[in-house]
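Q: Just the structure for this:
(chains A and B)
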Amino acid sequence: MTTKTVSLKIDEHEITAQEGKSILETAIENGIDIPHLCFLAGLTKTGACRLCIVELKGQAKLFASCSTPISDGMEVITNSEKLKAYRKNTIQLLLSERTHVCSVCVANKNCELQALADKLGVEHVAFEREWTSENVDSSHPFLVIDRNRCILCTRCVRVCDEIEGVHALDLKLRGKDSQIIVDFDDSWDKAASCTSCRKCAKVCPVGAIYVEGEPLSETKDTGIADFVLSRRKK
Amino acid sequence: MKPADIIHLAETELDAQRSYKHRINVCCSSGCIPFGALKVLKAFEDAVKEFGVQKECKVARTGCIGTCSVGPAVMIEPGNYLYQSVTPEKAREIVRDHVVLGLPVKDMLYGSKAYFEKQHRLVMKNAGKIDPYRIEDYIAAGGYSALVKCLIKMSPKDVIDEVWLSGLRGRGGAGFKIGQKWTFVARAHRSPKYIVANLDEGDPGVFANRTLAEADPHAILEGMLIAAYATEANKGYIYIRAEYPLAVDTLKKAIDKAKAMNLIGQNILETSFSFDIELRLGAGAFVAGEETAILASVEGNRANPRPRPPYPAASGLWKSPTLIDNVETLANIPQIISHGGLWFSKIGSPTCSGTKCFSLTGKVNNPGLIEVPMGITLKEVIYDIGGGVPDNKKFKAVLVGGPSGGCLPDTMLDLPIDYESLTKAGAIMGSGGIVVIDEDSCMVDTAKFFIDFCVEESCGKCTPCRVGLHKIQETYARIIGGVGKPEDIQFLRSSCGYIQEASLCGLGQTAPNPVLTTMRYFGNEYNEHILQKKCAAGKCSFKHNVKEAEI
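A: Numbering: from 1, shown residues only, chains lettered A, B, ... in the order given. This next block holds a predicted model:
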């Protein structure tokens, strides 16, 4: 495959990059920070969290930078006042959706949601918070899923399907009722397809899936998908 | 079968039809069957035998005639005598008086002439006239001649040029130029290529696509075949919701018949053109009608939308180039090819050619399935065709475009129905639902109804739609519960803007429309609810003791 290079502008940076990459990937490579959450290098881009939305000059709509490929002459605006406000709104919505209490969370200080909230200046949640009582499954010998902390980014679902290749995790129901399930909504110890590879825990941006008794700083490895994938290609 | 055989078959069938003096069309669509249409059909058949007029009177099972509220509807040709609310007993009477004695039963005839006068039946031209289960009926009405024309006389490019010329725009809601869409897919030089016909009509109170499939399934198939010929596609899927059993059955049988006659499959009509069509049943999620969610569902996955780009024309079903069109769009195609794009472009309004099917429901005298030329005003639809609001009630609003449409007040009734005008007014064309609302309804409550619907139907993938809409829903619950706060208005407005812009797919992007339009046109009702804790329509009962709740 011949690779073409394209020239584009991200904010004030003039960039030349390989065609086929997304805006977010190009930005990361060039040290430009676009907040993102559901995106993880090596996994399918779902454009779900809507944090990485950017403006494109000449286009009325907003685009998820993780999934939008770069093109020649593109002018990307990553940090307008509107985008900043929308991102703050998204973070607050995520924090209000289920039970997020940093001080008692296993992911405290190892949490991408917390870090983003901090970075984007979210000091309080303007919405009424839901205190959920979703199912917590600790039946597995060492993996635990606490659905009250889940933000439905589906990184775990994707890593399980695309990298580990077993698709033990998926979603049930829809809308705000969506839940991550193991196999056919079994308890985790009964899930025949799970290989206990821990990749779900490694990529979970929050503390929804973790390894019991292990500090999250040890478990987390957000480069795992990209690493496995890069070896696979060779 | 060869192209000439189609023409021959049409002539034979027409001869057979001409041998009948009368034709009794009994509407057996989903609207009329619950009223007992199948019994009425049987009664007509029995009565025709009883009076010994089988040879001169044909009884046909047809699709929707259009007057869904007064079913079962029966049309007798010649003369287009439309009988309403026919019962098996009355069927015998009609055969005796009308067919045998030649005296139409006047007191049973459908009263509102205006209902049909302002309509322009193009897509639905065969509806209620042909038997959807007989491919011969469709062929006799000129069906499949457009396909023959394409295969014999036109190159794929000619077909696309004709569609460009017609100015046809997507009937699924967004109004994208079909000529352009087809060009994108035709230009994608990768195979296989797919076509998906969208029949996932999920809006409450909308039944136009269902009716079309029940009444004239072959028009959809022919449209797909022509689209496949133009874009050089290999395989087509009709995505239909499983809650439409009659439409599924009709389409299934139509596909089987067309396959048996070599109109679908390998080397169609002994040419080099091959195309296969398969039905895919959806489990009934509203979001599955969204362009990319439908792809996921056809692939067998959860019907979640995915971000665009890449657009389906470049990377659709199984990452192959895919054309997705609404079935109503496709049903327009055979006529564009038969009569030419120029002919089509002169129907309707200049920016918006052709017609549009609407499910006219709510507080109108003549609800039903209507087809009107683009550019007709809302007033004409509601008052001339719909016959106005019943029981001398006052008209309050009209919701155009389904659950993500907009509620427009009486001052907007002169608005012409076309994509641009509707969008400007805050509504959308959507899948073609028009719901008339009278003074008995509360607009705050109405908006809440549609927000509830969208919260229920949100797939849950993106944050703004999943959580944002839920926050709006909570705010409505407060306002209607009598504990709304003045700042709720500002909250609704800013949240709606955020959800519209930040959401991933069309569901989230349009879901705030009912909220925004009701606030724009009926802001006083919000103020009443919030400040005076009063609902003028008497719909919302403020159950809570307001004072206590506030404390």
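Q: List phi and psi for residue 172.
A: Looking at chain A here, since you left the chain open. For A:Lys172, the backbone dihedrals (degrees, to the nearest 10) come out as phi -120, psi 170.
Q: That one contacts A:Gln179, correct?
A: Yes: at 5.3 Å, A:Lys172 counts as touching A:Gln179 under the criterion of CB atoms under 8 Å. Using the backbone N, CA and C atoms, a C-beta is placed for each residue, glycine as well.
Q: Mind checking which of those two has more residues around it?
A: Neighbour count, other CB atoms under 10 Å in any protein chain shown: between A:Lys172 and A:Gln179, A:Gln179 has more, with 16 against 12.
Q: how much space is there between that one and chain B?
A: The gap separating A:Gln179 from chain B is 9 Å, by CB to the nearest CB, to the nearest Å.
Q: Now that residue, what are its backbone angles?
A: Dihedral angles (degrees, to the nearest 10) for A:Gln179: phi -140, psi 150.
Q: Report the contact partners of residue 90.
A: Chain wasn't specified; assuming chain A. A:Cys49, A:Arg50, A:Leu51, B:Thr463, B:Pro464, B:Ala502 (CB atoms under 8 Å, 6 or more residues apart in numbering or on different chains).
Q: meant chain B actually
A: B:Tyr83, B:Val105, B:Met108.
Q: what helix or strand does the closest residue to chain A within the stretch 301-450 of chain B sit in?
A: Closest to chain A within the stretch 301-450 of chain B is B:Pro307: 3.3 Å, counting by CB to the nearest CB. Under the criterion DSSP states H and E, no helix or strand holds B:Pro307.
Q: neighbours around it, how many?
A: Counted with other CB under 10 Å, the neighbours of B:Pro307 add up to 20.
Q: Spatially nearest residue to it, not counting backbone neighbours?
A: Computed as CB to CB, 6 or more residues apart in numbering or on different chains, the closest residue to B:Pro307 that is not its neighbour in sequence is A:Gly47, at 3.3 Å.
Q: Next, the contact list for A:Leu120, please.
A: Contacts of A:Leu120 by CB under 8 Å, 6+ apart are A:Pro35, A:Lys84, A:Arg87, A:Lys88, A:Ile91.
Q: Can you select the buried ones from the residues you listed in ChimeraX?
A: Selection of buried members from the contacts of A:Leu120 for ChimeraX, criterion 16 or more other CB atoms under 10 Å in any protein chain shown:
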select /A:35,87,88,91
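Q: Same list, the contacts of A:Leu120, but as TSV with secondary structure and distance to B:Pro245 please.
A: Output for these, formatted as TSV (DSSP: H, G, I helix; E, B strand; the rest coil; distance: CB to CB, whole Å):
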residue	secondary structure	distance to B:Pro245
A:Pro35	coil	48
A:Lys84	helix	50
A:Arg87	helix	46
A:Lys88	helix	48
A:Ile91	helix	45
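Q: And the one residue sitting closest to the centre of chain A, how far from A:Arg158?
A: The centre of chain A sits closest to A:Cys38, judged by CA atoms, centre = their mean, with a distance of 2.0 Å. Plainly put, A:Cys38 is 9 Å away from A:Arg158 if you go by CB to CB, to the nearest Å.
Q: what's the overlap in contacts for these two?
A: Shared contacts of A:Cys38 and A:Arg158, defined by CB under 8 Å, 6+ apart, are found at A:Thr46.
Q: Tell me, how many residues neighbour B:Phe207?
A: B:Phe207 has 25 nearby residues by other CB under 10 Å.
Q: Looking at it now. What's its pLDDT?
A: The model reports B:Phe207 with a pLDDT of 93.
Q: Can you give me the separation between it and B:Gly433?
A: Counting by CB to CB - B:Phe207 and B:Gly433 are separated by 9 Å.
Q: likewise B:Gln473?
A: Distance check for B:Gln473 against B:Gly433: by CB to CB, it reads 21 Å.
Q: The two: which has the busier surroundings?
A: Between B:Gln473 and B:Gly433, B:Gly433 has the larger neighbour count (other CB under 10 Å), namely 24 against 17.
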